[in-house]
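Undergrad: please find the sequence and the predicted model below.
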Amino acid sequence: MRLMDDSPSTATCAICGTESSVWDNHRLPEPVEPPDFDTRPGEPLRSTIGRWVQVCPACGYAAEQISTSAAGVDAIVRSEPYQRLRNDPEIPEQARGFVCYAFILDKVRQHADAGWSFLHAAWMGDDLNASGAAIWCRCRAIEMWQRAKATGQSFGDDLGSEFALVTDVYRRAGQFEHATVACGEGLDVDDIPPAVEAILRRQMTLIQARDQDCHSFSEIVRLQPD
């Protein structure tokens, strides 16, 4: 198992030139425990979520690596909507980096990745017991993925996996009707992998029970007949 380097490094912001201490998110541990239904990895990687995005303390630029940026990102970061989002009191401070990164990704038309960043923000909200913010982030993730599919972008390994992910995100957000539709459409996918089918069938049970809790792939193993 690869161990995590627990020493911060220094990075220079590509937008404003400010130097700050950041965590090296290229050196993270491999997960040992199974992931959640929404793909959140198990420990020890699970606990490193706060290190997955870097944020400049001066201008608020958020990215996987703040030392680099794409053309036009500086204008996005300096825009009023971005700065409002950066300081939004309704979003926990620890989750704002992911939300700001998602904002940038959406603006540069990387909608699939924007959805993932919103989902990561939701996971941070879960950890902070900020349920309202977590639900908002999940709804935004769905919106980004819908935008991605409309522009020919995929956000999962295959169509069945995308339906399984969307089903869980809807369920965790309490949108059970949408979750039911997504789950049914996922089960109708041709040649769906058995593992994905098992997750979707488990999801249908959870949806019928109006269950919004986090559930893990380990449940599928436990529920399999001997």
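TA: Happy to help now that I have it.
Undergrad: for A141, see how far away G152 is.
TA: According to Cβ to Cβ, to the nearest Å, G152 stands 18 Å off from A141. Every residue, glycine included, has its C-beta placed from N, CA and C.
Undergrad: of those two, who's got more company?
TA: Between G152 and A141, A141 has the larger neighbour count (other Cβ atoms under 10 Å), namely 26 against 7.
Undergrad: so which helix or strand takes in the more buried one?
TA: helix 131-150 (DSSP states H and E).
Undergrad: next SSE after that helix?
TA: Immediately after helix 131-150, counting by DSSP H and E, sits helix 159-172.
Undergrad: could you report the pLDDT at the closest residue to C137 other than its chain neighbours?
TA: Of all residues not flanking C137 in the chain, A122 sits nearest, at 3.8 Å (Cβ to Cβ, 6 or more residues apart in numbering). Looking at A122, its pLDDT reads 99.
Undergrad: doesn't A122 fall inside a helix?
TA: Yes - assignment of A122 by DSSP: H, G, I helix; E, B strand; the rest coil places it within a helix.
Undergrad: just the helices in the protein please.
TA: Here the chain has its helices, by DSSP state H, at 73-78, 80-86, 93-107, 111-127, 131-150, 159-172, 176-187, 194-208, 218-223.
Undergrad: as JSON lines, those helices with distance to E43 would be great.
TA: Shown next, in JSON lines, are these (distance: least, Cβ to Cβ, whole Å):
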{"stretch": "helix 73-78", "distance to E43": "33"}
{"stretch": "helix 80-86", "distance to E43": "30"}
{"stretch": "helix 93-107", "distance to E43": "18"}
{"stretch": "helix 111-127", "distance to E43": "13"}
{"stretch": "helix 131-150", "distance to E43": "20"}
{"stretch": "helix 159-172", "distance to E43": "19"}
{"stretch": "helix 176-187", "distance to E43": "27"}
{"stretch": "helix 194-208", "distance to E43": "20"}
{"stretch": "helix 218-223", "distance to E43": "12"}
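Undergrad: how far away is L85 from D38?
TA: 23 Å.
Undergrad: confidence-wise, which helix or strand of this structure is lowest on average?
TA: When each helix and strand of the chain is scored by mean pLDDT, DSSP states H and E, helix 218-223 comes last, with a mean of 82.
Undergrad: need phi/psi at the nearest residue to L45 once chain neighbours are set aside.
TA: Nearest residue to L45, sequence neighbours excluded (Cβ to Cβ, 6+ apart): P31, at 4.2 Å. Phi and psi for P31, reported as degrees, to the nearest 10, are phi -70, psi 140.
Undergrad: which ones are touching P31?
TA: The contact partners of P31, taken as Cβ atoms under 8 Å, 6 or more residues apart in numbering, are P41, G42, E43, P44, L45, R46.
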